Structure formats: C-alpha cells, structure tokens
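Chemist: sequence below, structure please.
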Amino acid sequence: MFGSRRVSWLAALCVVGGIIAPSLATAAKPPAPLQLPAGTRVGVVNLLDPDVTHFHAARQIENSFLKTYTMDWSIDAMLLAAVQDRLTQLGLTPVAIGPGDELRRAREQCFLDAALAKGLPKECAALYTRLATSERLNAIIVLGPGRNDATHAGGTRHKELPEYLRGWCFVTGQGGADTPPQLLNLSELLLIGISPSGAQLVDREWGGDSQPWPGYRAPPDLKAYPGPLLDQLQPLFGGMLKQQVNAALGRLQVVR
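Modeler: Just a heads-up that it's a prediction; the model follows:
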C-alpha cells in the first residue's frame with residue numbers, strides 16, 4: 001500500500017516537473033533577435049567620456065584615493081572601429097551619429113540612473129525614436145557609462161569597491177606593490193531596434209569582469225600616472241569594448 005502511494009506520488013511529481021520545466025525554460029528564453037533588411041542604416045552613438053579613473057584601495061580607508069584622467073582618445077572612433085567590420089560583413093551600413101544636445105543632457109537619466117536590465121525608460125525611448133527618425137536609422141548601437149552597483153552590474157558588482165565608480169577604471173592596492181592593477185569596464189552597450197511603435201531595447205551588454213593590466217610597471221608616484229603609461233590602456237579597453245560589441249551583434253539577423 002505504502003509502496004503504491006509512493007509510486008503514485010513520484011509519478012505525479014514527474015508529471016508536474018514535466019509541466020514546470022518547459023515553463024521555466026520558456027521564461028528564461030532570450031528575446032527574439034533583431035531582424036534588419038540588408039543595407040539598413042545602423043546608428044553608432046557614444047555617450048561615454050574619454051576618462052580613465054584610478055582608484056587606489058588601501059586597507060585604511062583614509063589612505064584610499066581616486067583620480068580621474070581625461071584622455072585624448074576618441075571613444076567615438078573606438079566604438080565605430082569595434083562595430084564596423086561585423087556590420088559591414090552582415091550587409092548593414094554603420095553610421096557614426098553624434099548624440100545631439102537632447103540625448104547628451106539625458107545621459108544621467110538614460111544610463112546612470114536607469115535600470116536598463118528592465119528595458120528603456122519611456123522618456124529615453126522617445127529620445128532614441130526621434131534620433132532614429134531624424135537620421136533615417138532602423139537600429140542604434142549606443143555606449144554609455146554604468147556604475148559599480150547592483151542596478152547595473154547585478155551579481156557581478158565588485159562589493160569591495162565603491163558603488164560610485166563608473167566608466168573605464170583601474171584599481172591598485174589590492175595586492176603587493178608589483179601586483180598589476182585590475183581594469184574595470186563599467187559601461188553598458190545597448191542594441192536598440194526602431195519599429196513603427198518606437199525604440200525598443202533588444203540587447204544590453206554590461207562591461208563585465210575585470211582583467212589585469214599586462215606588462216604593468218608602477219610609476220614612482222601612484223597619484224601621478226604619466227600619459228604614455230596610461231596610453232597602454234587604450235587597446236586594452238578597446239579589446240573589452242570589442243567583446244561587448246560582438247555579444248550585442250550576435251542578436252542581429254539580416255533579412256535578404
């Protein structure tokens with residue numbers, strides 16, 4: 001009797017599991033790829049400042065410090081270079097677009113203060129729609145800053161570091177004097193589709209995990225990094241940006 005009930009209970013559990021498992025799989029299914037006709041104009045927009053922030057993490061918090069360097073790098077050109085080959089191979093037309101005053105003023109609202117994992121805020125979607133209409137775009141790729149907090153980084157945030165860190169950063173003080181700094185890509189790359197109903201977020205790529213600075217040689221003064229040393233970071237951050245781009249463009253399909 002007990003054995004019979006046990007078999008029935010297990011059978012019922014298997015049936016329920018058979019119903020629940022596909023439902024969970026459906027819930028986890030990513031959104032449909034963005035389908036674009038060949039020859040489509042894809043806007044490439046940069047809202048990330050050419051800044052690199054150095055944060056020194058000391059055991060005594062009063063010995064920690066932060067300094068931001070403004071570089072002469074063209075982030076616009078770096079972003080266009082990262083997307084150009086792949087978009088061209090797909091038969092799409094990349095178009096470098098300035099964000100314009102309206103979107104530039106809304107950067108805090110549309111990136112730093114936005115929970116983009118939940119989609120585009122309504123006001124920001126309207127801005128992208130107007131930009132796409134004025135420039136005859138069917139899609140937009142836009143790069144902007146994020147923060148080291150749960151809203152942007154989710155479970156990958158660095159809890160040992162301040163939440164206010166944003167953009168491209170490097171961190172010293174997490175090891176010995178010869179320990180290479182960790183490079184942080186605290187930025188977000190968005191793939192936005194434009195339809196008759198307006199702008200819709202197709203994919204959001206967070207900068208992701210950190211990586212060490214290869215070939216690093218510490219300067220005599222940690223509070224004064226010389227330009228040539230900082231320039232070593234441009235191809236490194238460029239490589240991290242390329243990874244974001246490749247992941248986002250994997251959500252594109254071209255209809256011929």
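Chemist: where do the helices sit along this protein?
Modeler: Taking DSSP state H as the criterion, the chain contains helices spanning 2-28, 75-89, 100-105, 107, 122-135, 150-153, 227-230, 233-249.
Chemist: what stretches of the stretch 101-250 of the chain score poorly on pLDDT?
Modeler: Along the stretch 101-250 of the chain, the parts satisfying pLDDT under 70 run over 177.
Chemist: now do the strands in it.
Modeler: According to DSSP state E, counting those that start in this stretch, the stretch 101-250 of the chain carries its strands in the segments 139-145, 167-172, 182-195, 198-206, 211-212.
Chemist: columns distance to residue 79 and mean neighbour count on top of the ones you listed, output as CSV?
Modeler: C-beta coordinates here come from the backbone N, C-alpha and C atoms, glycine included. Below are these laid out as CSV (distance: least, CB to CB, whole Å; neighbours: other CB atoms under 10 Å):
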stretch, distance to residue 79, mean neighbour count
strand 139-145, 5, 24
strand 167-172, 13, 23
strand 182-195, 9, 23
strand 198-206, 12, 20
strand 211-212, 19, 14
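Chemist: distance to residue 40 added to the ones you listed, as a markdown table?
Modeler: Listed next are the strands of the stretch 101-250 of the chain as a markdown table, based on distance: least, CB to CB, whole Å:
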| stretch | distance to residue 40 |
| --- | --- |
| strand 139-145 | 7 |
| strand 167-172 | 30 |
| strand 182-195 | 10 |
| strand 198-206 | 13 |
| strand 211-212 | 33 |
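Chemist: which one of these lies closest to residue 119?
Modeler: Distances from residue 119 to each of the strands of the stretch 101-250 of the chain were compared using CB to CB; the minimum, 5.2 Å, belongs to strand 198-206.
Chemist: so the nearest residue to residue 153 once chain neighbours are set aside bridges to which residues?
Modeler: In space, and not counting its chain neighbours, residue 153 is closest to residue 206: 6.3 Å by CB to CB, 6 or more residues apart in numbering. With DSSP bridges applied, the residues forming beta bridges to residue 206 are residue 188.
Chemist: so who does residue 206 touch?
Modeler: Contact criterion CB atoms under 8 Å, 6 or more residues apart in numbering gives 146, 152-154, 156, 187-188, 244 as the residues in contact with residue 206.
Chemist: what about residue 222, how many residues nearby?
Modeler: 15 (other CB atoms under 10 Å).
Chemist: before we move on, what about the one 10 residues further on?
Modeler: Applying other CB under 10 Å, we find 13 other residues in the vicinity of residue 232.
Chemist: ok, it - contacts?
Modeler: Contacts for residue 232 were tallied using CB under 8 Å, 6+ apart; they are 213, 215.
Chemist: quick check: residue 124 touching residue 106?
Modeler: Yes: applying CB atoms under 8 Å as the test, residue 124 and residue 106 come out as touching, 6.5 Å apart.
Chemist: these two: who's more crowded?
Modeler: When residue 124 is set against residue 106 and neighbours are counted by other CB under 10 Å, the residue ahead is residue 124, at 23 against 20.
Chemist: look up how far residue 131 lies from the more buried one.
Modeler: When CB to CB, to the nearest Å is applied, the distance between residue 124 and residue 131 equals 11 Å.
Chemist: with residue 198 instead?
Modeler: 12 Å.
Chemist: and for residue 167?
Modeler: In this structure, residue 167 and residue 131 are 22 Å apart, going by CB to CB.
Chemist: do the same with residue 218
Modeler: With distances defined as CB to CB, the gap from residue 218 to residue 131 amounts to 43 Å.
Chemist: neighbour-wise, which of the two wins?
Modeler: Neighbours per residue (other CB under 10 Å) separate residue 218 from residue 131, with residue 131 holding more: 23 against 14.
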